[in-house]
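Colleague: A predicted structure for the sequence below; I have some questions about it.
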Protein chains: 2
Amino acid sequence: MGELEEKGARAREASYQLALLTTEQKNQGLLAMADALEAEMAAVLAANAQDMQRAKEKGQPQAFLDRLLLTEGRVRDMAEGIRAVAELSDPVGYVEEMWLNKDNLQIGKVAVPLGVIGMIYEARPNVTADAAALCLKSGNAVLLRGSGDAIQSNIKIAAVLSAAAEKAGIPAGSIQLVEDTSRETVNAMLKLNAYLDVLIPRGGAGLIRNVVQNATVPVIETGVGNCHIYVDETADLDMAVNIILNGKVQRPGVCNATESLLVHKNIAEQLLPMAAEKLLQAGVELRGCPQTMQYIPQSKAATEEDFATEFHDLILSVKVVENIDEAIGHIRRFSTKHSEVIVTNDYSHARQFQQMVDAAVVYVNASSRFSDGFQFGFGAEIGISTQKLHARGPMGLKALTSYKYIVNGNGQVRK
Amino acid sequence: MGELEEKGARAREASYQLALLTTEQKNQGLLAMADALEAEMAAVLAANAQDMQRAKEKGQPQAFLDRLLLTEGRVRDMAEGIRAVAELSDPVGYVEEMWLNKDNLQIGKVAVPLGVIGMIYEARPNVTADAAALCLKSGNAVLLRGSGDAIQSNIKIAAVLSAAAEKAGIPAGSIQLVEDTSRETVNAMLKLNAYLDVLIPRGGAGLIRNVVQNATVPVIETGVGNCHIYVDETADLDMAVNIILNGKVQRPGVCNATESLLVHKNIAEQLLPMAAEKLLQAGVELRGCPQTMQYIPQSKAATEEDFATEFHDLILSVKVVENIDEAIGHIRRFSTKHSEVIVTNDYSHARQFQQMVDAAVVYVNASSRFSDGFQFGFGAEIGISTQKLHARGPMGLKALTSYKYIVNGNGQVRK
């Protein structure tokens, strides 16, 4: 608790000064951070080697080790990522609207930093650099709390970044890592309302659930994606197969990957074998409804549980549906409101799907894999929100701002 | 729990249909609701009389009884309020931005309803009608949970409104009251994530604290306002007295009333007696720092606690400060980030105050009492947010919307 309170208070102090920095000052800090990360390459890799050794001793799976591992190339990518954030336009200070009210008060709505952001994330040390850069550019102080499995990497990266930033004129306390990775400390962080304005959890469903269920600080919920593709009767079947394959296979471990396929009954007999051929070739396991199993002999029976599962793996649940209404009903029941796709050439169905499906991103004839801040053209991404408050879908720098109203008068009082 | 789950599920179903209604359909519902409220005047007043009798028997204070009381005039005002909401423009469906990404995907950001809103509020039956109207106009279903002290009034009002709405074609389940006002049920509502998208608590500090500390559903925190006026050295003293008086006296029981006065030392000797004369005349009790007590002999000594208190009453804390920096420091320490005022004629100080004070609304030379959706020109107000996520300051209809991205492609997949 000592560490949290102390760093929280420093972050709050820093946030007051950060809000007043010019874009140029913030960019100088970012460029210094990127340079320092490359200059300290050896030390960063040495720290990461300690984490890797511990993880191997613990017998962590290959995918885990891959996310934890830093290489020269990856550290250079982190530095390039920071430089790219320096290139982005600054969201702070933008006046979205300004008007005169009936009393001739001038009222302006000005973008301001959120203040102090708490980031809680798993064993991916690149998030430490990403989040530090995005928070700084948007004028926010950040308290970083990564996983204990990446603690040596995180300590080193945060130390390098904060020292470089401070030397370049960024207020001390702007970038801080919570070094105590105990469960008690993270739980205390969830209730650190005096110092934190927002919590952004990034990681698996368990981490996010813990944050959502226990935080009293406002949370931006990110990431869980049980994404569907519905292939409508009028779909171009080759296009559909392409989109299914891309959604499932191109990077199965991420939240915008496709997890479930719904197919109109009138094209199921034709489409399913076409899709299955490519999917099976790519090593995808298919779990289908009884009709699917008829058209794809290699598929296994899908359970209700399968339709509710974000596999994060080369597994796809498949269901044949009567029509678009059944497809929308199924999606309403099982969707996590992340990204949903219809493949169709029917104009009314395209509109109906986009209007009636409640998700952050609703696609017609494109892969769910585009749900990403970079693909959207935001130039950055702090996460993908699956809640409806504040920000929804891919979040760029703007999602890290709030606003305040400034009101200019000449003595007005209320009658 | 049965009631909550059942009404939650109905609200969720209704929300799907509500999101698709035209503005005209929603307005017809609103006008029917307003008419029904007037037609059922006698029944509404009779229900309210039961609540009033119970409240009197319980010995509730006069201010409480006044908030609970309905009269013919007040019911008519509620109906007029609903008609006014019908006049407002519909926030749903507005496309804030639409662009092509590098893959030629057309990406649009469309305003959509939040979905299902949970309103938790105290013994003010007019909130039942206000909230029902604003939620309907913005395409949201609402679960209303008012205080047990107003239960008969709320049951009658909600029944009248929902019956009229349904008859006018609004989906059943759009407007529902939680009739079980037990503590267990409200606590279960705070965790009703399956059916509620957002909770909006309206009421005193205790109610809001309970919601913020126990909710797992995202919350928009509203209302607590420990608002300051800082009178700078260069202020027009008559203007300052006017603004102080208006902030404190015009309606002391509301969140945008002024609670604390900070005065630059160089004008304290002149300003404080001027202000005190008017304030004392208006029955305001003054609690000051030692210097204040020197200039206003009628003032009492202020404690630290006084400076931290939202009095909601004819009490004002007063402090003489060295300069604007001390004023800003004091505000940072005690502010609830609602509304803060500087009275000055110094251009740099005006800018400095607006930039450095972190509050929803920061005024130069105007009364804090303007922090209100109607005064801002929004035509409505669901509450005043004191958090930074989603919405800040006075919230009109737009604060009851989220957005989704609609993406139109012709077969794009990610490389």
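Modeller: Yes, it's here.

Colleague: longest strand of chain A?
Modeller: Secondary structure of chain A read by DSSP state E shows that its longest strand is strand A:401-412.

Colleague: Who are the packing partners of that one?
Modeller: Taking 3 or more Cβ pairs under 8 Å, 6 or more residues apart in numbering or on different chains; DSSP states H and E as the contact definition, the neighbouring helices and strands of strand A:401-412 are strand A:106-113, helix B:237-249, strand B:361-366, strand B:393-395. In short, each C-beta sits where N, CA and C put it, glycine included.

Colleague: what would the ones you listed look like in JSON lines with distance to residue B:293 and mean pLDDT?
Modeller: Below are the helices and strands packed on strand A:401-412 laid out as JSON lines (distance: least, Cβ to Cβ, whole Å; pLDDT from 0 to 100):
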{"stretch": "strand A:106-113", "distance to residue B:293": "37", "mean pLDDT": "98"}
{"stretch": "helix B:237-249", "distance to residue B:293": "18", "mean pLDDT": "98"}
{"stretch": "strand B:361-366", "distance to residue B:293": "27", "mean pLDDT": "98"}
{"stretch": "strand B:393-395", "distance to residue B:293": "35", "mean pLDDT": "97"}
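
Colleague: List the buried residues of the longest strand of chain A.
Modeller: Of the residues in strand A:401-412, those scored as buried under the neighbour-count criterion (16 or more other Cβ atoms under 10 Å in any protein chain shown) are A:401-409, A:412.

Colleague: Which elements pack onto the helix or strand harbouring residue A:49?
Modeller: Applying DSSP states H and E as the criterion places residue A:49 in helix A:41-57. If you count contacts as 3+ Cβ pairs under 8 Å, 6+ apart, helix A:41-57 packs onto helix A:62-68, helix A:72-87, helix A:151-167.

Colleague: I would like the residues contacting that helix, please.
Modeller: A:37, A:64-65, A:68-72, A:75, A:123, A:125, A:149-153, A:155-157, A:160 (Cβ atoms under 8 Å, 6 or more residues apart in numbering or on different chains).

Colleague: Now the residue of the stretch 151-300 of chain A found nearest chain B: closest residue in space, sequence neighbours ignored.
Modeller: In the stretch 151-300 of chain A, no residue comes nearer to chain B than residue A:246, which is 3.6 Å away by Cβ to the nearest Cβ. Take residue A:246 and drop its neighbours on the chain: the residue closest to it by Cβ to Cβ, 6 or more residues apart in numbering or on different chains is residue B:413, 3.6 Å away.

Colleague: Let me know the pLDDT of the one you found.
Modeller: pLDDT, residue B:413: 97.

Colleague: what residues are up against it?
Modeller: Listed by Cβ under 8 Å, 6+ apart, the contact partners of residue B:413 are A:242-243, A:245-247, A:250, A:366-367, A:369.

Colleague: Get me the contact residues on the stretch 301-415 of chain A for chain B.
Modeller: Within the stretch 301-415 of chain A, the residues that sit near chain B (Cβ under 8 Å from any Cβ of the partner chain) are A:332, A:350, A:354-356, A:358-367, A:369-370, A:375-377, A:387-390, A:392-394, A:402-414.

Colleague: mind checking how far stretch A:242-250 is from the chain centre?
Modeller: In terms of Cα atoms, centre = their mean, to the nearest Å, the centre of stretch A:242-250 is set 20 Å apart from its chain centre.

Colleague: residues making contact with that stretch?
Modeller: Taking Cβ under 8 Å, 6+ apart as the criterion, the residues outside stretch A:242-250 that touch it are A:227, A:229, A:231, A:257-259, A:261, A:275, A:278-279, A:282, A:284, A:314, A:316, A:341, A:343, A:365-369, B:411, B:413-414.

Colleague: From these, list just the buried residues.
Modeller: Restricting these to buried positions leaves A:227, A:229, A:231, A:257-259, A:261, A:275, A:279, A:284, A:314, A:316, A:341, A:343, A:365-369, B:413-414, with burial counted as 16+ other Cβ under 10 Å.

Colleague: Am I right that residue A:322 is in contact with residue A:268?
Modeller: No. Checked against Cβ atoms under 8 Å, the pair residue A:322 and residue A:268 is beyond contact range at 10.7 Å.

Colleague: the more surrounded of those two?
Modeller: Higher neighbour count among residue A:322 and residue A:268: residue A:268, with 23 against 11, using other Cβ atoms under 10 Å in any protein chain shown.

Colleague: How much space separates that one from residue A:244?
Modeller: In this structure, residue A:268 and residue A:244 are separated by 13 Å, where distance is defined by Cβ to Cβ, to the nearest Å.

Colleague: Surely residue A:132 is in contact with residue A:175?
Modeller: Yes. Look at residue A:132 against residue A:175 with Cβ under 8 Å: they come within range, at 4.7 Å.

Colleague: Spit out the residues that contact the two alike.
Modeller: Residues touching both residue A:132 and residue A:175 comprise A:142, A:144, A:158, A:161-162, with contact defined as Cβ under 8 Å, 6+ apart.

Colleague: give me every residue that touches residue A:197.
Modeller: A:114-117, A:217-218, A:402, B:387-389 are the contacts of residue A:197 under Cβ under 8 Å, 6+ apart.

Colleague: try 6 Å
Modeller: With contacts defined as Cβ atoms under 6 Å, 6 or more residues apart in numbering or on different chains, residue A:197 is in contact with A:114-116, B:388.

Colleague: Looking at neighbours, which among these is most surrounded?
Modeller: Compared across the contacts of residue A:197, residue A:116 has the highest neighbour count, 30 neighbours, by other Cβ under 10 Å.

Colleague: Now do stretch A:372-384: everything it contacts.
Modeller: Taking Cβ under 6 Å, 6+ apart as the rule, stretch A:372-384 contacts A:85, A:88, A:134, A:200, A:202, A:222-223, A:394-397, B:101.

Colleague: what do you get for stretch A:78-97?
Modeller: Contacts of stretch A:78-97 with the rest of the structure, by Cβ under 6 Å, 6+ apart, involve A:23, A:27, A:30-31, A:33-34, A:37-38, A:108-111, A:113, A:126, A:129, A:133, A:137-139, A:379-380, A:397-398, A:401.

Colleague: ok, so what distance separates residue A:303 from chain B?
Modeller: In this structure, residue A:303 and chain B are 21 Å apart, going by Cβ to the nearest Cβ, to the nearest Å.

Colleague: List of residues touching whichever strand or helix holds residue A:325?
Modeller: Residue A:325 is part of helix A:324-334, with elements assigned from DSSP H and E. Under the criterion Cβ under 6 Å, 6+ apart, residues A:226, A:228, A:230, A:262, A:307-308, A:321, A:340, A:349, A:356-357 lie in contact with helix A:324-334.

Colleague: List the buried residues in that helix.
Modeller: Buried residues in helix A:324-334, counting neighbours by 16+ other Cβ under 10 Å, are found at A:324, A:326-328, A:330-332, A:334.

Colleague: following that helix, which helix or strand shows up next?
Modeller: In the C-terminal direction, the helix or strand that comes right after helix A:324-334 (DSSP H and E) is strand A:339-343.

Colleague: Kindly format the C-alpha coordinates of that following strand as PDB.
Modeller: Output for strand A:339-343, consisting of C-alpha atoms alone and laid out as PDB, is shown next (Å, rounded to 0.1, in the frame of the first residue of the first chain):
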ATOM      1  CA  SER A 339     -16.900  -7.300 -34.000                       C
ATOM      2  CA  GLU A 340     -19.500  -9.000 -36.100                       C
ATOM      3  CA  VAL A 341     -19.500  -9.700 -39.800                       C
ATOM      4  CA  ILE A 342     -22.200 -10.300 -42.500                       C
ATOM      5  CA  VAL A 343     -21.200 -11.500 -46.000                       C
END
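
Colleague: what comes into contact with that strand?
Modeller: With Cβ under 6 Å, 6+ apart as the contact definition, strand A:339-343 has outside contacts at A:227-232, A:235, A:240, A:243, A:256, A:331, A:353, A:357, A:359, A:361-365, A:368, A:371.

Colleague: mind checking how far that strand is from the chain centre?
Modeller: Averaged over its C-alpha atoms, strand A:339-343 has a centre that lies 19 Å from its chain's centre (Cα atoms, centre = their mean).

Colleague: That one versus helix A:237-249: what angle between them?
Modeller: Computed with axes from the mean of the first three to the mean of the last three Cα atoms, to 10 degrees, the direction of strand A:339-343 lies at 160 degrees from that of helix A:237-249.
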